[in-house]
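Chemist: Got a predicted structure plus its sequence, pasted below:
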Amino acid sequence: MDVKKSPLKISNLVKRYGSYTAVDNVSFEMKPGEIFGLLGPNGAGKTSIISCIVTLQKPDEGECTIFGQNPMDHPLDAKMHLGYVPQEIINHGYFTVEEILVFHSGFLKTWNNKEKIHYLLNRLGLWEHRNKKVKALSGGMKRRLLIAKALVHDPKLLLLDEPTAGVDIELRNSLWEFVMELKAEGMSVLLTTHYLEEAEQLCDRVGVIQQGKLRKVGPTKDLIEQLTQRQVSLIFRGDCANGIKSKYLVDVEDDTARFLIPQDLGIGELITEVDCEIKNLLDIRISEGSLEDAFVRILGEGRDQ
Ligand SMILES: Nc1ncnc2c1ncn2[C@@H]1O[C@H](COP(=O)(O)OP(=O)(O)O)[C@@H](O)[C@H]1O
Ligand SMILES: [Mg+2]
């Protein structure tokens with residue numbers, strides 16, 4: 001594997017279950033050190049893509065390469081370069097937390113990494129639980145253990161499939177903080193999530209999957225800018241709001257007129273356009289478009305196709 005090459009390249013990937021096409025000709029490439037979010041509704045095909053990357057499923061067409069190599073051809077090398085946190089929690093209940101991490105390191109030919117294991121136990125809040133049998137852990141703790149396990153061998157690419165589904169908000173926040181730390185250390189991260197607000201904050205780029213097709217891919221900021229509008233509320237003195245006319249006007253409620261404007265239209269231009277007397281304007285509130293707005297639009301356009 002050549003760690004200077006793209007951490008992950010998916011080329012014309014097709015995965016069928018019987019006659020059902022779950023992944024339909026998907027291609028995208030990750031950049032080194034980025035956080036890439038794979039977003040899409042339930043059943044869109046996200047886990048199927050990840051399953052092909054980790055060789056749990058065999059692609060029907062196309063291929064995935066990790067740092068320039070197909071993991072089908074170099075399975076152990078691939079496993080040593082990637083950390084994988086599956087959507088479902090799978091663990092051997094009768095081992096202790098620390099044993100799981102030691103054994104898993106051994107599987108991946110990583111010995112004498114006690115320091116790393118202790119660091120991860122501490123960093124993920126598992127230290128007090130290290131001698132407990134895995135079966136006795138809560139769901140959140142089992143999820144933390146899966147993340148520790150995915151990192152014991154110092155992988156260069158981390159795959160997180162819905163790491164925060166069903167996890168309380170505190171753990172969610174601390175996990176995302178940890179992911180940012182990993183990125184700062186140079187890790188490339190592919191994640192799937194339902195939490196679009198978090199994806200907006202975390203992901204350098206996102207791809208939107210719907211019915212197995214990659215509908216859109218691009219830098220998170222660019223997608224928001226291209227696909228959403230700003231919402232502007234102008235608050236007027238007395239009943240001035242009622243007289244407002246503008247092609248951008250959405251509605252008027254009491255003293256407030258609400259507009260949706262393109263990202264490149266300035267607020268000054270809007271105020272000139274609505275032709276209001278400035279002395280009657282009391283306040284301006286702006287709310288920027290979000291990744292969720294862009295996501296809803298992409299899915300809406302996808303359904304019309
Ligand atoms: N092993 C399987 N056998 C048959 N159908 C499957 C299998 N795994 C997933 N599917 C189907 O493929 C589609 C995509 O599933 P999945 O990749 O899990 O989506 P996501 O992770 O985006 O929710 C769904 O309709 C799902 O029911
Ligand atoms: Mg899934």
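Modeler: Thanks, I have the structure now. Ligands and ions are numbered 1, 2, ... in the order given.

Chemist: could you measure Glu115 against Gly207, distance?
Modeler: The gap separating Glu115 from Gly207 is 36 Å, by Cβ to Cβ, to the nearest Å. Backbone N, C-alpha and C define where each C-beta goes, glycine included.

Chemist: quick one, strands of the protein?
Modeler: For the chain, the strands defined by DSSP state E cover 9-17, 20-29, 35-39, 61-65, 82-85, 157-161, 188-192, 205-210, 213-219, 230-236, 249-253, 256-261, 281-287.

Chemist: For beta bridges, what are the partners of the closest residue to ligand 2 within the stretch 201-305 of the chain?
Modeler: Per Cβ to the ion, the residue of the stretch 201-305 of the chain with the smallest distance to ligand 2 is Ile209, at 10.2 Å. Assessed by DSSP bridges, Ile209 has beta-bridge partners Leu214.

Chemist: That one reaches Val217, doesn't it?
Modeler: No: in this structure Ile209 lies outside contact range of Val217 using Cβ atoms under 8 Å: 9.6 Å.

Chemist: Can you pick out the residue with more neighbours from those two?
Modeler: Ile209 (27 against 17; other Cβ atoms under 10 Å).

Chemist: burial count for Lys9?
Modeler: If we define neighbours as other Cβ under 10 Å, then Lys9 has 17 of them.

Chemist: Correct me if wrong: it contacts Cys64.
Modeler: Yes: using Cβ under 8 Å, Lys9 is in contact with Cys64, at 7.1 Å.

Chemist: which residues sit in contact with the nearest residue to Asp254 once chain neighbours are set aside?
Modeler: Closest residue to Asp254 in three dimensions, ignoring its sequence neighbours and counting by Cβ to Cβ, 6 or more residues apart in numbering: Ala241, at 7.2 Å. Ala241 makes contact with Leu234, Ile235, Val252, Asp254, Asp255, Thr256, Ala257, according to Cβ atoms under 8 Å, 6 or more residues apart in numbering.

Chemist: Same question for Asp239.
Modeler: Counted by Cβ under 8 Å, 6+ apart, Asp239 has contacts Asp255.

Chemist: Same check on the one 10 residues further on?
Modeler: When contacts are counted by Cβ under 8 Å, 6+ apart, Leu249 touches Ala257, Arg258, Phe259, Val274.

Chemist: For those, which two are the farthest from each other?
Modeler: Taking Cβ to Cβ, the two most distant members of these are Arg258 and Val274; they sit 11.7 Å apart.

Chemist: Compare the two and say which is more crowded by neighbours.
Modeler: Val274 (21 against 17).

Chemist: Tell me which residue is most central in this structure.
Modeler: Gly37 (3.1 Å; Cα atoms, centre = their mean).

Chemist: Count residues in the vicinity of the spatially closest residue to that residue that is not a sequence neighbour, would you?
Modeler: Once flanking residues are discounted, Gly37 sits nearest to Cys203: 3.6 Å by Cβ to Cβ, 6+ apart. Around Cys203 there are 24 other residues, counting by other Cβ under 10 Å.

Chemist: ok, now how distant is Cys203 from Glu197?
Modeler: Counting by Cβ to Cβ, the gap from Cys203 to Glu197 is 11 Å.

Chemist: Now stretch 157-172: average pLDDT?
Modeler: Stretch 157-172 shows a mean pLDDT of 88.

Chemist: how about the residue nearest to Phe95 when sequence neighbours are not counted, what does it touch?
Modeler: Among residues not flanking Phe95 along the chain, Val134 sits closest, at 5.9 Å (Cβ to Cβ, 6+ apart). Contact partners of Val134, counting by Cβ under 8 Å, 6+ apart, are Asn91, His92, Gly93, Tyr94, Phe95, Thr96, Val97, Ile100, Lys142, Leu145.
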